[in-house]
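> predicted model follows, preceded by the sequence.
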Amino acid sequence: MDWMHVLLAIASTKSGWVLSRIVALSVCLLTLPGCGFGPRALVQTRLPYNEAVKRTSEEQFLLNIVRLRYTDTPSSLAISSIADQQELSTGLQALPFLVSGDGGGFRTNLLPQAELTRASRPTLSYTPLDDEEFTRRLFTPISLQGVLYLSKTTWPISTVLRLYLENLNWVSNAETASGPTPKIAPEYAQFLTGMYALQELQDAQLVQLHLDEKEETVAGPFTTPPNPAELALKAVDMKLEMRNTDDGYVLIRKFEQPLLAVDQAVASHPAWEVFCNAFHIDPSLRSIELTNEELTPYEYESSGKPLECLDIETRSLLQVLFFVSHGIDVPEEHIRSGKAPVTCTADGLPFDWQQVLCGIFHVRSIQSKKRPANAYVAVHYDGYWYYINERDRESKSTFALLLEVSRLELQPTESRAPLLTLPIGR
């Protein structure tokens, strides 16, 4: 006879009615296995883990920005894997015990017991990112194509260029802010004026960044080779094209040239003149090439002629993070104590960094025991909470852009085994 029949037999006896509710409860517990497992376990765990990873990734990223403002060393720890082991065990037993009978003496009875135990044992694997590859990527400036790619996303072109350009045609974009906090206020006003004008032109759909396919001759012309087919295959391996011209065979390299296309109607827009004056551009141009560090410093001043290109110097991710770290409201206590470096104007007054970062990034600080209620993301550092206000759409947008770019820039090319694994719940 199995245990279910034993329990039912006990419940049918005169003394068993006392145990009828226990039997019913036992039967219910025995039918529970599997109710929180399988698909339902996925429903119960996937989104909570997703939210936890998202929140901690954002907090770690903001913490590194805060660290840079204090000239502290940034550090990152990636979550390599999450393994959640779900266990459910059940048990049923009948314990004998003695009770007094109606006519005296004792008789044996059985007390049923049902047991249900559920356990969740997640295992988290962490991978430190502070290795040689991570550092190299952190210090590598973004490419010209990378800037063009970001500028063609939904983020405003002025935001992307203000973040990722050191200078444009040697017009400084607060270059000294691309590292630890400078003592003297940076140069930024002319660059900012030009960026506001460029954004106005883009909003009016009068300018557009795009890639134009071009080609250049890298070798030739030369006489007919003894084996043209073999040479053509070798050219393909070198990402070149062999072409037969009137002067002989030449090797051609095709490439994509970033351009700023300008609408003819731009001449009547006042922002076009502001943009051209800010970056020394010939206002008659309707197609302007973007180049990367090809313009000789002070070339405009020495020649006195308007420029025909937009020559840029880009920032690395580390330089961008240093740059936005100056958008943090540092507590007066930390300024007075010397924990946080201070930038001053020529008059010796504290410089307001929101003049540089206005409209793209602002991190507030508050001394509180609890996390700010209106925080989109917040971290606690050295006695203060540093947070982005949930209503600050510009700062939230910039923070999201930087976080996503950091994932692209710093993602290792090869998978690495985790160096730290923590089993939780044992």
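Structure's in. What do you need?
> which positions within stretch 121-136 qualify as buried?
Within stretch 121-136, the residues scored as buried using 16 or more other Cβ atoms under 10 Å are Leu124, Ser125, Thr127, Leu129, Phe134. Bear in mind the C-beta positions are built from the backbone N, C-alpha and C, glycine included.
> remind me which helix or strand the third one belongs to.
With elements delineated by DSSP states H and E, Thr127 resides in strand 106-128, which encompasses its position.
> average model confidence for that strand?
Mean pLDDT, strand 106-128: 69.
> hang on, the earlier thing: and which of the buried residues of stretch 121-136 is nearest Ala278?
Phe134 (36.5 Å; Cβ to Cβ).
> that closest one and Lys234, how far apart?
Taking Cβ to Cβ, to the nearest Å as the measure, Phe134 falls 37 Å from Lys234.
> low pLDDT regions in the stretch 251-400 of the chain?
Low-confidence segments of the stretch 251-400 of the chain, defined by pLDDT under 70: none present.
> so where do the strands sit in the stretch 151-300 of the chain?
For the stretch 151-300 of the chain, the strands defined by DSSP state E, counting those that start in this stretch occupy 165-168, 171-172, 207-222, 241-245, 248-262, 287-292.
> of the ones you listed, which stretch is the most buried?
Per-stretch averages of neighbours, counted by mean count of other Cβ atoms under 10 Å, single out strand 165-168 among those, with a mean of 22.
> re earlier: any chance of the strands of the stretch 151-300 of the chain in CSV, with distance to Arg67 too?
Output for the strands of the stretch 151-300 of the chain, formatted as CSV (distance: least, Cβ to Cβ, whole Å):
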stretch, distance to Arg67
strand 165-168, 22
strand 171-172, 26
strand 207-222, 34
strand 241-245, 50
strand 248-262, 34
strand 287-292, 30
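> tally of neighbours for Glu59?
15 (other Cβ atoms under 10 Å).
> quick one: average pLDDT of the helix or strand hosting it?
Glu59 belongs to helix 39-69 when elements are defined using DSSP H and E. Per-residue pLDDT values over helix 39-69 give a mean of 87.
> how about that helix: buried residues?
41, 45, 57-58, 60-69.
> return the closest of those with respect to Thr345.
Ranking the buried residues of helix 39-69 by separation from Thr345, with Cβ to Cβ as the measure, puts Arg69 on top at 18.9 Å.
> could you double-check that that closest one sits in contact with Asp329?
No. The pair formed by Arg69 and Asp329 falls short of the contact definition of Cβ atoms under 8 Å, at 10.0 Å.
> is it true that Gly359 touches Glu394?
Yes. Under the criterion of Cβ under 8 Å, Gly359 is in contact with Glu394, at a separation of 5.4 Å.
> show me where this structure has helices.
Counting by DSSP state H, the chain forms helices over residues 3-12, 20-30, 39-69, 132-139, 144-151, 157-164, 189-203, 228-237, 270-279, 299-303, 317-325, 332-337, 354-357, 393-410, given from the N-terminal end onward.
> tabulate the ones you listed (TSV), appending distance to Thr291.
Rendered in TSV, the data for the helices of the chain read as follows (distance: least, Cβ to Cβ, whole Å):
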stretch	distance to Thr291
helix 3-12	83
helix 20-30	74
helix 39-69	30
helix 132-139	22
helix 144-151	8
helix 157-164	15
helix 189-203	17
helix 228-237	26
helix 270-279	13
helix 299-303	12
helix 317-325	20
helix 332-337	41
helix 354-357	25
helix 393-410	22
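> which of those helices sits closest to Glu293?
Nearest to Glu293 among the helices of the chain is helix 144-151; the distance by Cβ to Cβ comes to 9.2 Å.
> alright, that wraps it up for me.
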